[in-house]
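K.L.:
Okay, sequence plus prediction incoming.
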Amino acid sequence: MAMILGPIAMQAQDKDSKTETVDIKTSAICDMCKERLEKNMAFEKGVTAVSLNDETKILTLTFKKGKTDKEKLKKAISKIGYDADDIPADQKAYDRLPSCCKKDVAPH
Amino acid sequence: MIKFRYIILLIVPILFSSQLKSQAIRGTVYEYGEPKPTPLPGVNIYWSGTQLGTVSDEDGQFSLAAPEDAHMLIFSFIGYGNDTLHVHGDEGRIKHIMNQILTLGEVEVSTRSKTAYVSRMSAVNTTNITSGELTKAACCNLSESFETSASVDVSYSDAVTGAKQIEMLGLSGIYTQMMAENMPNLRGLATSFGLSYVPGSWMESIQVSKGASSVINGYESISGQINVEYKKPSTSERFFLNLFQNQMGRSELNFNTKIPVNKSLNTMLLGHVSHNNSTHDGNHDGFMDDPVYTQYNLFNRWDYKNKRFDAQFGIKAMKENRNGGQLSFDKDKPRDTSNGYGVKLATDRYEAFLKTGYIFHKPATSLGIQQQFVYHHLNSFFGLQDYKAEQYSYYGNALFQSFIGNTKHTYTTGFSFIYDKFNEQLNDSVFNRTEKVPGVFYQYTYSDGHKMNLIAGLRADYHSIFGLFFTPRIHLRYSFTESFILRLSAGKGARSTNVLAENTSLLASSRRIVYRQTPQMEDAWNYGVNLSKHFELNNRELTVNLDLYRTEFINQVIVDRDSDINQISIYNLDGESYSNSAQIEANYEIIKGLDVTAAFRYNDVKMTFENALLEKPLVNKYKSLINLSYVTNLKKWQFDFTSQFNGQTRLPSTISNPEPYRREETSPAYTILNAQVTKYFKKWNVYLGGENLTNFKQHHPIIAAEEPFSNYFDSSMIWGPISGIKIYAGLRFTVE
């Protein structure tokens, strides 16, 4: 049911409004990651809503069309230190993350 | 590791009501080992966000029902971090190796949206005030960090020194054990002004525990315990700067920065400068409303961590100068009655600490040693009275933690040593005292990881002046349902007094301090009940907390301001002295982003003054507090509003004064409003706020202000604010 209605609803929303919503899979691990990602992405140009799903680590972003696009947002996520779909985390930013946010240590 | 209850506190999920489905997951949990991992019994395993959990058996095996909406499985074990595993439900048997880390009694700061909360899993009634809560108010130092808390009251001790005192359960701050990173601090000479020695932006979080606390940290806590966690190299920002200015002339600068030396060694530098240059006299009594002061404060800490060994070392230095009193006082002229009434306090304080921890190959077994040195020097005068004091202190505590049979039963045992040397001089009288207190303790903790926790502890200490004494304490937590929790506590606490240091503010009066008896050790029993219930209301959680506490003194050193208007009489309790405190607090997010906390408290505090059981002066019978906090979408703006209603208090008797120098028998009830707006940018935020927006002031706070050298002068009858509206602004800059 949801699978059938989902895309239609999404399309309708995109046509009607000037905003777009995208899902980006990230390498977030803990609550600190969530806070860091949500706080920093909130200040990206054009972003009007941001929320990281605790379980799937998918970051759902709503933004104004024309102000930014999905690729720019993925780059922004990388610059914070996290993988974004196919774009790996910026190494410099990743090194600065607190140890609990680093993906190469076992999660805790 | 050092404080078991903080480890319990780490297990702090928000609870949701979960639907059970018949499916269960099974698995084995291991401890890291060479050549292969070994099964680990007694690990608490539960679903994040629920209290649905189990404990691994002797072979490290477990099975647990899997609710539909839970995927994050948490493995929790003493001496280890809380491991979180994402479970999809289709992976078959789970094999998990615990990720071992050292915690050395650190408290991890929660990044939940709630900024002050009581842990549902902790046996002790502890409210955790996080850095988020601390930014809700101006919060320049520890004394100003409780503005949004209903449990802790902060008030001025007198009208000239600017000293602030706290109160918990209606009892003065001396009965609350102050701690910094789980070591007793701000004792002795730091009692009166110590709260202002802890800069607000240095703090990562504060834990406020009501009632008897753990025996691990000593015997001194009677009404409760306040622990401050400073920022740490492992979690803090790379650089942080805070600037603050209010319209009265108070300026503050705080910064902290961390420098990684190598993979296992980190250092951090924290600095603070504050200055008040305003000699404002809003009530025209000739006295400055707030003293002029300058404080410099510097803290350097080092953290070393490797797989099994952990060490923290820090040094702190603080220098403060305060000058208050009459505007007409000229510090270059001789201090006599022809000059004005001046007050000066010059303080130097140095601290050093070393904490080391080692975890053994055996599960849940560790050894920790905490050591602290303090040197404190005070040079002061109050009018014609001179008070000089010096304190050398050492605190050492060695703790060994392990388990009995399985890790449902753990214990912490060890020994401590406290050394305090005081050299005090009041005018021509010299009071020198050395106290040595070796002690041993044992604390047993039972946790079924689910419904019940029990902490039972006993300590025996030998005081070089007062002899041997015992301190038993017990805590029980039981959850009837996931959302209905009962906590019970009972315990004893004891302390030796430092009458002058604890009552420095009373020197700012013409009263003479008269020792009718030699002060004995103070000791008291504390009993507490806490009920905590969580309701689901419109998909949001309503939390209601009820606290009932009673403290009964066996002995108390009475500081009597009632019996004789010209004296402060010091004697030991002969009769009853108690405090009953009842508090109800509710928290709810009314609409998205708008959090409301409302609290109401009733205190009944009485003590025996010269055979008469009287209400303790200057304690509010009733108090209520409302805090509204609104955060806009994406947290770009934050609005905070706090209103405190303070009920009447009994004032010390002034009946024998001449008519103009008499005061009412009770102080009136009044309301205080504070508000703050914060605007967040990516790397920095700015805030603008106002304190005491109703502009409520205590009129004529000083008795006989125009005759400070007469027999009637007294600046210690303070029950309300001295200054009116204070507007402030500041900024915080962060590099992550």
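P.N.:
The structure has been received and is ready for your questions.

K.L.:
what helix or strand does the spatially most central residue of chain B sit in?
P.N.:
The geometric centre of chain B, computed from its C-alpha atoms, lies nearest to residue B:226 (CA atoms, centre = their mean), at 2.3 Å. Residue B:226 is part of strand B:224-230, with elements assigned from DSSP states H and E.

K.L.:
mind listing what that strand pairs with, with the direction of each?
P.N.:
Based on DSSP bridges, the strands next to strand B:224-230 in the sheet, each with its direction, are strand B:176-180 (parallel), strand B:203-210 (antiparallel).

K.L.:
so can I have a markdown table of those strands showing mean neighbour count and mean pLDDT?
P.N.:
C-beta coordinates here come from the backbone N, C-alpha and C atoms, glycine included. Putting the strands paired with strand B:224-230 into a markdown table (neighbours: other CB atoms under 10 Å in any protein chain shown; pLDDT from 0 to 100) gives the following:
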| stretch | mean neighbour count | mean pLDDT |
| --- | --- | --- |
| strand B:176-180 | 24 | 95 |
| strand B:203-210 | 24 | 91 |
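
K.L.:
Out of those, which gets nearest to residue B:245?
P.N.:
Among those, strand B:203-210 comes nearest to residue B:245, with 20.4 Å by CB to CB.

K.L.:
give the contact list for the residue of the stretch 451-600 of chain B found nearest chain A.
P.N.:
Of all residues in the stretch 451-600 of chain B, residue B:592 sits closest to chain A, at 11.9 Å by CB to the nearest CB. Residues in contact with residue B:592, defined by CB atoms under 8 Å, 6 or more residues apart in numbering or on different chains, are absent; none qualify.

K.L.:
Now do the same for it: its pLDDT.
P.N.:
What the model reports as pLDDT for residue B:592 is 86.

K.L.:
I'd assumed residue B:474 was in contact with residue B:445.
P.N.:
No - no contact is recorded between residue B:445 and residue B:474 when judged using CB atoms under 8 Å, the distance being 11.1 Å.

K.L.:
neighbour-wise, which of these two wins?
P.N.:
Summary of the neighbour comparison: residue B:445 and residue B:474, criterion other CB atoms under 10 Å in any protein chain shown, with residue B:445 having more neighbours (25 against 17).

K.L.:
in which helix or strand would I find that one?
P.N.:
Using DSSP H and E, the secondary-structure element containing residue B:445 is strand B:429-447.

K.L.:
Take that strand, keep the C-alpha atoms, and write them as PDB.
P.N.:
Extracted in PDB, the C-alpha atoms of strand B:429-447 (Å, rounded to 0.1, in the frame of the first residue of the first chain):
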ATOM      1  CA  SER B 429      41.900  34.900  68.000                       C
ATOM      2  CA  VAL B 430      43.800  32.100  66.300                       C
ATOM      3  CA  PHE B 431      42.000  28.800  65.300                       C
ATOM      4  CA  ASN B 432      44.300  26.100  64.000                       C
ATOM      5  CA  ARG B 433      43.100  22.700  63.400                       C
ATOM      6  CA  THR B 434      44.300  19.600  61.600                       C
ATOM      7  CA  GLU B 435      42.000  16.700  60.700                       C
ATOM      8  CA  LYS B 436      43.000  13.300  59.400                       C
ATOM      9  CA  VAL B 437      40.400  10.800  58.400                       C
ATOM     10  CA  PRO B 438      41.300   7.400  57.200                       C
ATOM     11  CA  GLY B 439      38.300   5.300  56.100                       C
ATOM     12  CA  VAL B 440      37.200   2.100  54.500                       C
ATOM     13  CA  PHE B 441      34.100   1.300  52.500                       C
ATOM     14  CA  TYR B 442      32.200  -1.500  50.900                       C
ATOM     15  CA  GLN B 443      29.300  -1.100  48.500                       C
ATOM     16  CA  TYR B 444      27.200  -3.900  47.100                       C
ATOM     17  CA  THR B 445      25.100  -3.400  44.000                       C
ATOM     18  CA  TYR B 446      22.400  -5.800  42.700                       C
ATOM     19  CA  SER B 447      20.800  -5.200  39.300                       C
END
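
K.L.:
centre of the chain versus that strand, how much separation?
P.N.:
Distance, stretch centre to chain centre, for strand B:429-447: 20 Å (CA atoms, centre = their mean, to the nearest Å).

K.L.:
again, but for stretch B:266-284
P.N.:
Using CA atoms, centre = their mean, the distance from the centre of stretch B:266-284 to the centre of the chain it belongs to is 21 Å.

K.L.:
Pull out the buried residues from that stretch.
P.N.:
For stretch B:266-284, the neighbour count (16 or more other CB atoms under 10 Å in any protein chain shown) marks B:266, B:267, B:268, B:270, B:271, B:272, B:274, B:276, B:278, B:280, B:283 as buried.

K.L.:
Run through the residues that contact the second one.
P.N.:
Put plainly, it is residue B:267. Residues in contact with residue B:267, defined by CB under 8 Å, 6+ apart, are B:233, B:258, B:259, B:261, B:300, B:301, B:302, B:303.

K.L.:
Where does the closest residue in space to residue B:451 that isn't next to it in sequence fall, secondary structure wise?
P.N.:
What sits nearest to residue B:451 in space, not counting adjacent residues and going by CB to CB, 6 or more residues apart in numbering or on different chains, is residue B:479, at 5.4 Å. Residue B:479 belongs to strand B:467-481 when elements are defined using DSSP H and E.

K.L.:
Name the surrounding residues that touch that strand.
P.N.:
By CB under 8 Å, 6+ apart, the residues outside strand B:467-481 that reach it are B:51, B:120-124, B:212-215, B:219, B:450-463, B:485-494, B:521, B:523.

K.L.:
now it and strand B:203-210, what's the angle there?
P.N.:
If you take axes from the mean of the first three to the mean of the last three CA atoms, to 10 degrees, strand B:467-481 sits at 90 degrees to strand B:203-210.

K.L.:
Which strand residues bridge the residue lying closest to residue B:516 once chain neighbours are set aside?
P.N.:
Closest residue in space to residue B:516, ignoring its immediate chain neighbours: residue B:571 at 4.2 Å, by CB to CB, 6+ apart. For residue B:571, the beta-bridge partners are residue B:558 (DSSP bridges).
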